[in-house]
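Visitor: Quick check, what structure comes out for this input:
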Amino acid sequence: MLEISANGRTWLLTGPTSSYAVHLTDADELLHLHWGPRIALADAEALAVRPLPEYWPFESPLDGREEYPVEGGPRFVRPALSVRTDERRGTEWGFERYETEGDELRLRFCDDGLTVTLHYRMRGDVVERWVTLDNQGSALELLRADSATWTLPDREEWRLSQLHGRWGAESRLARAPLTYGEKVIGSRRGHTGHQHLPWVALDSDATEERGEVYGCALGWSGSWRIAVAQLPDARVQITGGAGHDDSGLLRLDPGESFTTPVFAGLWSDGGFGGASRAWHAYQRAYVIPDADQDRPVLFNSWEATEFDISEEQQSLLARRAAAIGVELFVVDDGWFGTRTSDRAGLGDWTPNPDRFPSGLKPLAEYVHALGMQFGIWVEPEMVNPDSELYRAHPEWVQYQTGRKRTEFRNQLVLNLAREDVQEYLWERLDGILSSAPIDYVKWDFNRCFTDAGWPGEPYPQRLWVDHVRALYGLLDRLRAAHPGVAFESCSGGGGRIDLGVLSRTDQVWTSDNTDPLDRLAIQHGFSQLHPARAMAAWVTDSPNAMLNHRASSLRFRFVSAMAGVLGVGGDLTRWTEEELAEAREWVTLYKEIRHVVQRGDLYRLRAPRGGLSAVQYTLGDETVVFAWLQAQSFGEPAPALRLRALDSTALYECLETGEIHRGAVLVHHGLRAGLCGDLDATVIRLRRI
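Guide: Presented below is the predicted three-dimensional model:
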């Protein structure tokens, strides 16, 4: 709901439990009024008449109170907008008008030919904010154009939550007291990055299910920056957007415009769990395509075959996958060009004639005949120097004149900002998807930007932004032309996970680390912001050959992966008949509960810190609990879990045991972890009766 004061200078957005208010002073200063529990328009108007405090010249009364601080004028905080022309730097804007369209509020300001429009939209309790910059004056350079600055209410102290990590150890949750100064996180790598997810949360005394939590998440899949600042007067502001520094974002010539990505904010008084459930509901309703459709059980051939693939071999794996109940069979790397290792072929998007003499169509049709969908792996934004594409167009990669072209994984980054590169990839990818009945594309991105140059381009810095805009445009174009094809975002695991790419893909590859114990911490962090509906998780072979060589039972591997979108990535040709039979039972169980997992409300019962950890999903009268026991002392009784969001007066039947429980207490019978490092796990289903 959007309400506007009679004088047209106070605006109030209200969701189911929260409100957000801003006010324009007589001096055209846009001030933040309120973000938190629901208030009435009269309350916002009362806040608007409070005078600003007076400061000595060493401080500014606007700092910590202004809604979107710009560079220039009586301000000292980090500016959200920094503009440079040939004559001057900074902004001196004046209010022009406000506009509304449906539930969207637009506040327009002008400065010498540059129009700055602040956009607001309330979806549930999530406030979406973004900015449009339209230049009708002389050419200018955008040094910084953040999507929003968020102002928090006064509190005695704040605690900051963030998700950090590295390849194979993404989405690790960290919480620490916020101190004076700035805490800056982001990516300088050209993609979202394994090191930080573009999300922060702040609280003062919240627990998992109680207390106020303020969270912000950026929808951008390139380099980005979020700065959390505690100012000298203890006020806190969060500023974030595209780009990693102030060296230059874009050049806007007369008639050009730029729209920033959405920077979304959420207030919740339900603790960290309540905030997570609100974020999940928002993404299922407004971000993730077709989120009301449950994702199929997937098999991916990578860990079974790596680059050594053939049509006959893939057909054998497909038969094994179909026999255990898999619904989507995916051929990973190695099906195209001269791709027999990671040293060659990347960029030549035609089936290898030795491996697939008639193209992908015969295999795809065979997979369909087995009752499964068919998918492929691609990495369109990259190229091997040993490829037909690079030999024909070495100028199509990012590079600096006179400098060595840095290779990681024997590959270079294509300059996707170039229109000829975009058109080449469109033609190749559209051709592949038109040549065979393909239902799914795993879209990978396996190295970061290093030599981000564009010789001959007047403003080469624009490739950082235009690469991402071109990626979005290509995905949008492919989805429109092939509406039945689902897409997964991958970047060496969790290197490109954000609200921007999730608005164009059906799920994301959470991590290359498929060890089921390691994944508990990764999935715990991921769940702070993103729903299980988007979280791809695989069951692979034991011992885990990729990273740690840890052995784990098939049971533990399946229960770990079933907490998200279940996939299988092991070499099924080496699984015993007993393992295949057990796998089929787990897949059957997952199909029975996945609607609860992928669309239900998540409750984190115990964090994965050793001992017992557990999560609960509830949808309507159905509840599913996943529990993992990592260690247990001799003689310790079976651990008990108190479930959440259940009616304490109702009866619930445990479908595994037939037992009847009242309220929210459940004892886990038979869950044991051995003293020598053995792990145990269980799935328990309850239905209200």
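Visitor: lowest-confidence helix or strand of the protein?
Guide: In the chain, the helix or strand scored least confidently by mean pLDDT, DSSP states H and E is strand 665-667, which has a mean of 61.
Visitor: What pairs with whatever helix or strand comes next after that one, parallel or antiparallel?
Guide: Downstream of strand 665-667, the next assigned helix or strand under DSSP states H and E is strand 680-688. The strands beside strand 680-688 in its sheet (DSSP bridges) come out as strand 622-629 (antiparallel), strand 651-654 (antiparallel).
Visitor: Including mean neighbour count, could those go into JSON lines?
Guide: Where C-beta positions appear, they are placed from N, C-alpha and C, glycine not excepted. Listed next are the strands paired with strand 680-688 as JSON lines, based on neighbours: other Cβ atoms under 10 Å:
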{"stretch": "strand 622-629", "mean neighbour count": "23"}
{"stretch": "strand 651-654", "mean neighbour count": "17"}
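Visitor: With respect to residue 280, which of those strands lies nearest?
Guide: Distance to residue 280, taken as Cβ to Cβ, is lowest for strand 622-629 among the strands paired with strand 680-688, at 15.2 Å.
Visitor: What's the first helix or strand after the closest one?
Guide: Toward the C-terminal end, the helix or strand that comes next after strand 622-629 (DSSP H and E) is strand 640-642.
Visitor: got the buried residues for that next one?
Guide: Neighbour-count burial for strand 640-642 flags residue 641 (criterion: 16 or more other Cβ atoms under 10 Å).
Visitor: now the strands for the stretch 101-250 of the chain?
Guide: Secondary structure of the stretch 101-250 of the chain, counting by DSSP state E, counting those that start in this stretch: strands at 104-111, 114-123, 126-135, 140-145, 148-151, 159-164, 172-177, 181-187, 196-203, 213-218, 224-230, 236-242, 250-252.
Visitor: what lines up beside the third one in the sheet?
Guide: In this case it means strand 126-135. Partners of strand 126-135, by DSSP bridges, with direction: strand 114-123 (antiparallel), strand 257-259 (antiparallel), strand 263-268 (antiparallel).
Visitor: Send me that strand as CSV with only the CA atoms.
Guide: Extracted in CSV, the C-alpha atoms of strand 126-135 (Å, rounded to 0.1, in the frame of the first residue of the first chain):
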residue,chain,number,x,y,z
VAL,A,126,10.3,-6.3,1.2
VAL,A,127,11.0,-2.8,-0.1
GLU,A,128,12.6,-2.8,-3.6
ARG,A,129,14.6,0.3,-4.4
TRP,A,130,16.5,1.3,-7.5
VAL,A,131,17.5,4.4,-9.4
THR,A,132,17.2,5.6,-13.0
LEU,A,133,19.6,8.2,-14.3
ASP,A,134,18.6,10.0,-17.6
ASN,A,135,21.0,12.4,-19.2
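Visitor: rewinding a little: how about the strands paired with strand 680-688 in TSV, adding distance to residue 76 and mean pLDDT?
Guide: Putting these into TSV (distance: least, Cβ to Cβ, whole Å; pLDDT from 0 to 100) gives the following:
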stretch	distance to residue 76	mean pLDDT
strand 622-629	49	93
strand 651-654	57	90
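Visitor: Does anything pack onto the longest helix seen in the chain? Which helices or strands?
Guide: In the chain, taking DSSP state H as the definition, the longest helix is helix 577-599. Applying 3 or more Cβ pairs under 8 Å, 6 or more residues apart in numbering; DSSP states H and E, one finds that helix 577-599 contacts helix 311-323, helix 554-561, strand 565-568, strand 612-619, strand 622-629, strand 680-688.
Visitor: and these as JSON lines, adding distance to residue 280?
Guide: Output for the helices and strands packed on helix 577-599, formatted as JSON lines (distance: least, Cβ to Cβ, whole Å):
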{"stretch": "helix 311-323", "distance to residue 280": "29"}
{"stretch": "helix 554-561", "distance to residue 280": "19"}
{"stretch": "strand 565-568", "distance to residue 280": "14"}
{"stretch": "strand 612-619", "distance to residue 280": "10"}
{"stretch": "strand 622-629", "distance to residue 280": "15"}
{"stretch": "strand 680-688", "distance to residue 280": "20"}
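Visitor: Show me the shaky parts of the protein.
Guide: For the chain, the stretches with pLDDT under 70 are 632-638, 664-678.
Visitor: you'd agree residue 126 is up against residue 283?
Guide: No. Using Cβ atoms under 8 Å as the test, residue 126 is too far from residue 283 to be in contact (9.1 Å).
Visitor: what's near enough to touch the most centrally placed residue in the chain?
Guide: Residue closest to the mean C-alpha point of the chain, counted by Cα atoms, centre = their mean, is residue 498 at 2.7 Å. Contacts for residue 498 were tallied using Cβ atoms under 8 Å, 6 or more residues apart in numbering; they are 192, 197-198, 217-221.
Visitor: with those in mind, which one is nearest to residue 210?
Guide: Proximity of the contacts of residue 498 to residue 210 (Cβ to Cβ) peaks at residue 217, which lies at 21.9 Å.
Visitor: Can you show me the strands along the stretch 301-450 of the chain?
Guide: Counting by DSSP E, counting those that start in this stretch, the strands of the stretch 301-450 of the chain are 328-331, 373-378, 382-383, 412-413, 440-443.
Visitor: any chance of those strands in JSON lines, plus mean neighbour count?
Guide: Formatted as JSON lines, these follow (neighbours: other Cβ under 10 Å):
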{"stretch": "strand 328-331", "mean neighbour count": "26"}
{"stretch": "strand 373-378", "mean neighbour count": "22"}
{"stretch": "strand 382-383", "mean neighbour count": "22"}
{"stretch": "strand 412-413", "mean neighbour count": "26"}
{"stretch": "strand 440-443", "mean neighbour count": "24"}
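Visitor: Residue 126 and residue 283 - which one has more neighbours?
Guide: Using other Cβ atoms under 10 Å as the criterion, residue 126 and residue 283 rank with residue 126 on top: 25 against 22.
Visitor: Leaving out the residues flanking it, which one is nearest to the more buried one?
Guide: Spatial nearest neighbour of residue 126, chain neighbours left out: residue 282 (4.5 Å); criterion: Cβ to Cβ, 6 or more residues apart in numbering.
Visitor: a helix runs through the one you found, doesn't it?
Guide: Yes. Assessed by DSSP: H, G, I helix; E, B strand; the rest coil, residue 282 belongs to a helix.
Visitor: for it, what are its contacts?
Guide: Applying Cβ under 8 Å, 6+ apart to residue 282 gives the contacts 123-126, 264, 266.
Visitor: Adding distance to residue 625 as columns, could you present these in JSON lines?
Guide: Formatted as JSON lines, the contacts of residue 282 follow (distance: Cβ to Cβ, whole Å):
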{"residue": "123", "distance to residue 625": "30"}
{"residue": "124", "distance to residue 625": "26"}
{"residue": "125", "distance to residue 625": "27"}
{"residue": "126", "distance to residue 625": "28"}
{"residue": "264", "distance to residue 625": "30"}
{"residue": "266", "distance to residue 625": "26"}
